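Participant: Fold the following for me, if possible:
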Amino acid sequence: MKEIKLLELELQNFKGIRELKLKPGGQDLNIYGQNKTGKTTIMDAFLWLLFGKDSRGQAQFDIKTKDDDGNVLHGLNHSVKGTLEIGGSQLTLERIYREKWQKKKGSANKRFTGHTTDYKISGSPVKKKEYERKINDIIDEEVFRLLTNPRYFCEQLHWEERREILIEACGNVEQDEVMNAGDGLKKLKKVLDNRTIEQHKKKVRGEMKEINEELENIPVRIDEANNNLPEISGYDDWKEIQARIESLKSKKKQKEKELSKAESGNGVAEKQKRLAEIETEIQELKNKHSADIQDELQEKRKKFNEICNKIDEVSQKIKRAKNCIKYNQKDIQSNKNEQDELREEWNELQEEKEKLLEENWTGELECPTCGQELPEEQIEEKKEQYNQDKAERIEEIGQEQDAINEQGVSLSEEIDKLNKEIEQLEQDIEELEKEKSELKEKSSGLEEEMKSLENQASTYKETMKYKKLQSEKDKIQESIEKLKSGNQEELKLIDSEISEIEEKIENEQDKLQDIKSHRKGQKRIEELKEREEELAEKYEELEHQLHLTEEYTRTKVVLLEDKINSQFEHTEFKLFEEQINGGIKETCVALDAEDGAEFGNTLNTGSEYKIGVDIINTLSEHYGYRAPVFLDNCESVTETIETELQLIKLIVSEDHNQLKIEEAN
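Facilitator: Numbers count the residues shown, from 1 in each chain. Below you'll find the model as predicted:
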């Protein structure tokens, strides 16, 4: 453990102190004085000597000495000189801040050109870098501030920095230790896969978000599949329909033979064969054209449904935001009404107060029983009692007015907060309305595209291929008609029968296609439902893993708090807070171990210094240094502070209009 003791400290023209020399000799010191007599300046001087900054960590502060009118006294050297005992050896440091005055060529007067700082170590001048290197060799600036200012740790460090220092000084809790301490946490260890708890928590939440988004979309996809299912109620069984098709094809084949027989000998059969080929090609063209459009139409309908759902979501957000604005406006008006009532109440109290201030005692001077004049002492006693009651009432009124002012300020802050929320909500509504308008524009465009596709279902006849086939068909039919002129009636009858059979075959085939599409759609719906169950199970497992990570954090924090708090005598640290949703929020707050009061909130100055020195004691052991500790505003500290550190107490005393320095008992 390296001891750093302050042996001497000498100030010249530093801030408001013209000359001061302290000789604590490494012992505790009490420094008394009224406010603005220079107590805190001593602490500023000590830190400026070492690091060039004041007790608040500021490098730019007013060092120069001023006269009674507040004007800077020029031409003075501003210096601090200190002698320290470090590990048994003495070291004297000196920092001197001076003005630079130069005479221009050809001018008799000197001109102020800036400032310079000189440095000395044990009386020998050195350069700034050498001086700073010497200080750094002794101790780091941040560590020194931690070990010399009992308020620095709790008031000037962010809670995350405080937490890091405590873990560094007191030791962390290893993962295996936490896993073995918590129920069910060993299962968590198996799924971490070399990730940290926070990394795994982030991964789980990301997966849960993706699953939740997919789960929300599945019902929409099921509805789409249901809407696209063909109507097959009243249809016969697949096999029965297939059997009828085969039977009809057989009949058609028979009729075609009859037709061929009737046409034989005059070339009709050859042409009829080509005609059948053309009709097959036309049917294939029709089927392909329709199928392509249906696929595209289904894709457009899917996008249209998704956009409609988004429009509904945005509309709900807008509705909720408008409701929030409405409620906020009501709260604002309510707060303003309450402010008016408070203002009226304050004015009534003010009138009463002013009336009391104007009033004087007008009590009776004679005895109400005998009518004789009361003794002077009784009159004075009654007058004194009246004035006392009057003063107490005026004081009560002042307290009531202060309370009203606090309520008014609180209401104003709440009104400002609500107005800011309204402003943000109005911005949100504007963005949402814009998003909704864009979505509606997209949905209108898709509606037009779907109508266009529906109209295109019958436009296959406009294709070049169809026109070419139809033209060839017309020519062949015309040729066949001419060839059939000899047996027209017989051929016409057979043709009619074949056409009727073909129509029936086509109708039955359409039914088979509907059944096939229906089965395919049902299968897709079952797949979606199975996927929904699978995702729900996975989501539940991820929720359990997230719960385990929270339980891990709780267990670790309890162990960590116990480990850290065991190394402090008067201090306990709260390292986490329970959230309303059951989660854990990390923090680092110092509490009084006796009553749990929070540093900087409900503790008095004496208790805060007791905690601050307790923290310095532990950190001194960790860093291996003991340094002088400055206790500013120490007049209210009545308890003995247990420490081996050198304490320099700065005590406000109205009895001392100049600094009084004495060794502590």
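
Participant: residues in contact with stretch 168-176?
Facilitator: Residues outside stretch 168-176 that contact it (CB atoms under 8 Å, 6 or more residues apart in numbering) are 189, 197, 556, 559-560, 563-564, 567, 618-619, 622-623. For the C-beta atoms, the positions are set from N, CA and C on the backbone; glycine is no exception.

Participant: what's the neighbour count on residue 557?
Facilitator: Residues near residue 557, counting by other CB atoms under 10 Å, number 19.

Participant: again with the one 10 residues further on
Facilitator: A total of 16 residues lie near residue 567 under the criterion other CB under 10 Å.

Participant: As a check, name the ranges of all helices in the stretch 1-150 of the chain.
Facilitator: 39-51, 128-138, 141-148 (DSSP state H, counting those that start in this stretch).

Participant: Likewise for the chain?
Facilitator: 39-51, 128-138, 141-148, 159-170, 175-181, 185-192, 197-227, 238-263, 268-358, 376-456, 464-483, 488-565, 605-623 (DSSP state H).

Participant: closest to residue 96 out of those helices?
Facilitator: helix 39-51 (10.4 Å; CB to CB).

Participant: now the angle from the closest one to helix 128-138?
Facilitator: Here the directions of helix 39-51 and helix 128-138 differ by 100 degrees (axes from the mean of the first three to the mean of the last three CA atoms, to 10 degrees).

Participant: Give me the average confidence score over helix 39-51.
Facilitator: Predicted confidence along helix 39-51 averages 91 (mean pLDDT).

Participant: Report the buried residues of it.
Facilitator: Going by neighbour count (16 or more other CB atoms under 10 Å), the buried part of helix 39-51 is 39-51.

Participant: sorry, back to before: mind putting the helices of the stretch 1-150 of the chain into a markdown table with distance to residue 238?
Facilitator: Listed next are the helices of the stretch 1-150 of the chain as a markdown table, based on distance: least, CB to CB, whole Å:
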| stretch | distance to residue 238 |
| --- | --- |
| helix 39-51 | 92 |
| helix 128-138 | 90 |
| helix 141-148 | 83 |
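
Participant: follow-up on the earlier one: give me whichever of the helices of the chain is most buried.
Facilitator: helix 39-51 (a mean of 22; mean count of other CB atoms under 10 Å).

Participant: follow-up on the earlier one: and the helices of the chain: which comes nearest residue 114?
Facilitator: Using CB to CB, the helices of the chain put helix 128-138 closest to residue 114, at 15.4 Å.

Participant: could you check the angle helix 141-148 makes with that closest one?
Facilitator: Going by the same axes, to 10 degrees, helix 128-138 makes 50 degrees with helix 141-148.

Participant: Just the residues contacting helix 128-138, thanks.
Facilitator: Residues contacting helix 128-138 (CB under 8 Å, 6+ apart): 4, 50-51, 86, 91, 93, 95, 117, 119, 121, 126, 141.

Participant: In strands, which of the residues you listed appear?
Facilitator: Judged by DSSP state E, the contacts of helix 128-138 include 4, 86, 91, 93, 95, 117, 119, 121, 126 as members of strands.

Participant: Please convert the buried members of those into ChimeraX selection syntax.
Facilitator: Remark: buried members of the ones in strands among the contacts of helix 128-138, expressed as a ChimeraX selection using 16+ other CB under 10 Å:
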select :4,86,91,93,95,119,126
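
Participant: wait, which of the ones in strands among the contacts of helix 128-138 is closest to residue 536?
Facilitator: residue 4 (64.6 Å).

Participant: So that closest one sits against residue 84, correct?
Facilitator: Yes: in this structure, residue 4 is within contact of residue 84 by CB atoms under 8 Å, at 6.0 Å.

Participant: Just the C-alpha atoms of the helix or strand of the chain with the lowest mean pLDDT, please, in CSV.
Facilitator: Every helix and strand of the chain was ranked by mean pLDDT, DSSP states H and E. The lowest is helix 464-483, at a mean of 78. Output of helix 464-483 as CSV, limited to C-alpha atoms (Å, rounded to 0.1, in the frame of the first residue of the first chain):
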residue,chain,number,x,y,z
MET,A,464,-51.7,-13.9,-83.6
LYS,A,465,-51.5,-17.7,-83.0
TYR,A,466,-55.3,-18.0,-82.4
LYS,A,467,-56.1,-15.9,-85.4
LYS,A,468,-53.9,-18.0,-87.6
LEU,A,469,-55.4,-21.3,-86.3
GLN,A,470,-58.9,-19.9,-86.6
SER,A,471,-58.3,-18.8,-90.2
GLU,A,472,-57.0,-22.3,-91.1
LYS,A,473,-60.0,-23.9,-89.3
ASP,A,474,-62.5,-21.7,-91.2
LYS,A,475,-60.9,-22.6,-94.5
ILE,A,476,-60.9,-26.4,-93.7
GLN,A,477,-64.5,-26.2,-92.6
GLU,A,478,-65.5,-24.4,-95.8
SER,A,479,-63.7,-27.1,-97.8
ILE,A,480,-65.4,-29.9,-95.7
GLU,A,481,-68.8,-28.3,-96.3
LYS,A,482,-68.3,-28.4,-100.0
LEU,A,483,-67.1,-32.0,-99.9
